[in-house]
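Participant: give me a 3D structure for the following:
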Amino acid sequence: MIKIVSIEREFGCGGSVVAEKLAAHLGWKLLDQSLTEEIARLAQVSPAAVEKCDGRLDPLIYRLGKVFWRGSYERSLPVSSQETFDADRMVALVKQVVEQAAASGHCVILGRGSPYFLRDRKDTLRVFLFAPRAFKFHFLKAHTKSEAEANELLDSIDRDRKDFVKHYFGAEWPLRSLYHAMINTEIGEDLVLATILNLMDALNKKEVSA
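Facilitator: Residues are numbered from 1 along each chain as shown. Next up is the predicted model:
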């Protein structure tokens, strides 16, 4: 039975709204902002620090310096000194929190690499949401009130996600074979929600009849 829905999305396609509505409809826990807050608690940093690392690689100069630092000094340092909060630490904590949530079930998880962490779970429905650029632009413009900012976000955030997934999961983004369905949100939130619910129902019935 499907107990977890993992939603990945293109930036600006309204994925967060769909995830929120889906969780509310099912009466399940939504892991979006709450996931950020839990990672911040575990890492003992601010939620803003977590958001800064979310879906982004550390700067190249930092990554090169970290390789040198690890090779030269890490073995002589206490563990607590190595707990710098960066993208590596972020990914490790996300994996921990996502897998703990999945163990409890009945949750909708938005992004954060959850489709990759949960790819082998039979009780997880993995969905990718996308939309045409014009649709995403109008969505973002309504929220940012700035055409320039909307375009800048569209040009940068998914590019960062693509690099992040390539670096940490060794995959192209989006990896089509990872998802049960890829849905164009331009059809409307209600139809997207109905499509996901119908797919969940069909998969659950298939398992019962198997």
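
Participant: center of this structure - which residue?
Facilitator: Against the mean C-alpha coordinate of the chain, by C-alpha atoms, centre = their mean, the closest residue is residue 111 at 1.4 Å.

Participant: show me the contacts for that residue.
Facilitator: The neighbours of residue 111, taking C-beta atoms under 8 Å, 6 or more residues apart in numbering as the test, are 7-9, 15, 32, 55. C-beta here means a position set from N, CA and C on the backbone, and glycine is covered the same way.

Participant: in helices, which of those residues appear?
Facilitator: residue 15 (DSSP state H).

Participant: in strands, which of the contacts of residue 111 appear?
Facilitator: Judged by DSSP state E, the contacts of residue 111 include 7-9 as members of strands.

Participant: quick revisit: out of the contacts of residue 111, who's nearest residue 23?
Facilitator: residue 32 (8.6 Å; C-beta to C-beta).

Participant: in this structure, where is pLDDT below threshold?
Facilitator: 55-83, 210 (pLDDT under 70).

Participant: hmm, who's touching the longest helix belonging to it?
Facilitator: In the chain, with assignment by DSSP H, the single longest helix is helix 147-169. For helix 147-169, the external contacting residues (C-beta under 8 Å, 6+ apart) are 10-12, 55-57, 87, 91, 113, 116, 133, 136-137, 140-141, 144, 171-173, 175.

Participant: show the buried residues in those.
Facilitator: Buried members of the contacts of helix 147-169, counted by 16 or more other C-beta atoms under 10 Å: 10-12, 55-57, 87, 91, 113, 116, 136-137, 140-141, 173, 175.
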